[in-house]
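Novice: Return atomic coordinates for the entry below.
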Amino acid sequence: MKTIIEKDGDGYLARVEGHSNLFAFAYSEKDAISELKNVVEMIMDYHLEQINDERIIKNELIFMQEKYAVQV
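Specialist: Coordinates of the predicted model:
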């Protein structure tokens, strides 16, 4: 991941190159990087939750399919 830090008005914008939704603003470079780290962690947590939810739903569907399957 390449991090880019740019002066933006009275502060700094830190962003991950190639990912338009991964950015953070702060009044110092250090704080902008720290905030960007928090943003990346939140996005990763969100995606992990989505994967876990999908896995639970898939397992429930498999169980229901096996439970109600008609044996020939």
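Novice: which residues touch the residue nearest the centre of the chain?
Specialist: Nearest to the mean C-alpha position of the chain, by C-alpha atoms, centre = their mean, lies residue 43 at 1.9 Å. Counting by C-beta atoms under 8 Å, 6 or more residues apart in numbering, residue 43 touches 21-22. Just so you know, the C-beta spots here come from the backbone N, C-alpha and C atoms, and that holds for glycine as well.
Novice: Now do whichever helix or strand it is part of, average pLDDT.
Specialist: Here residue 43, judged by DSSP states H and E, is contained in helix 29-68. Averaged across helix 29-68, pLDDT comes to 92.
Novice: got the contact list for residue 51?
Specialist: Applying C-beta under 8 Å, 6+ apart, no residues contact residue 51.
Novice: Against residue 25, how distant is it?
Specialist: 29 Å (C-beta to C-beta, to the nearest Å).
Novice: do residue 53 as well
Specialist: 31 Å.
Novice: again with residue 42
Specialist: 15 Å.
Novice: higher neighbour count, these two?
Specialist: residue 25 (16 against 10; other C-beta atoms under 10 Å).
Novice: There's contact between that one and residue 35 in this structure, I believe.
Specialist: Yes: Residue 25 lies in contact with residue 35 (C-beta atoms under 8 Å); the separation is 7.3 Å.
Novice: hey, what's in contact with both of those two?
Specialist: residue 14.
Novice: I believe residue 14 is in a strand; please confirm or correct that.
Specialist: Yes: counting by DSSP: H, G, I helix; E, B strand; the rest coil, residue 14 is part of a strand.
Novice: List the buried residues for the helix holding residue 43?
Specialist: Residues 32, 35-36, 39-40 are the ones in helix 29-68 that count as buried (16 or more other C-beta atoms under 10 Å).
Novice: for stretch 15-22, same thing?
Specialist: 15-16, 22.
Novice: what's next to it, contact-wise?
Specialist: Residues contacting stretch 15-22 (C-beta under 8 Å, 6+ apart): 1-4, 6, 23-24, 36, 39-40, 43.
Novice: Next, give me the two most distant ones among the residues you listed.
Specialist: Spatial extent of these (C-beta to C-beta) is set by the pair 6 and 43 at 20.3 Å.
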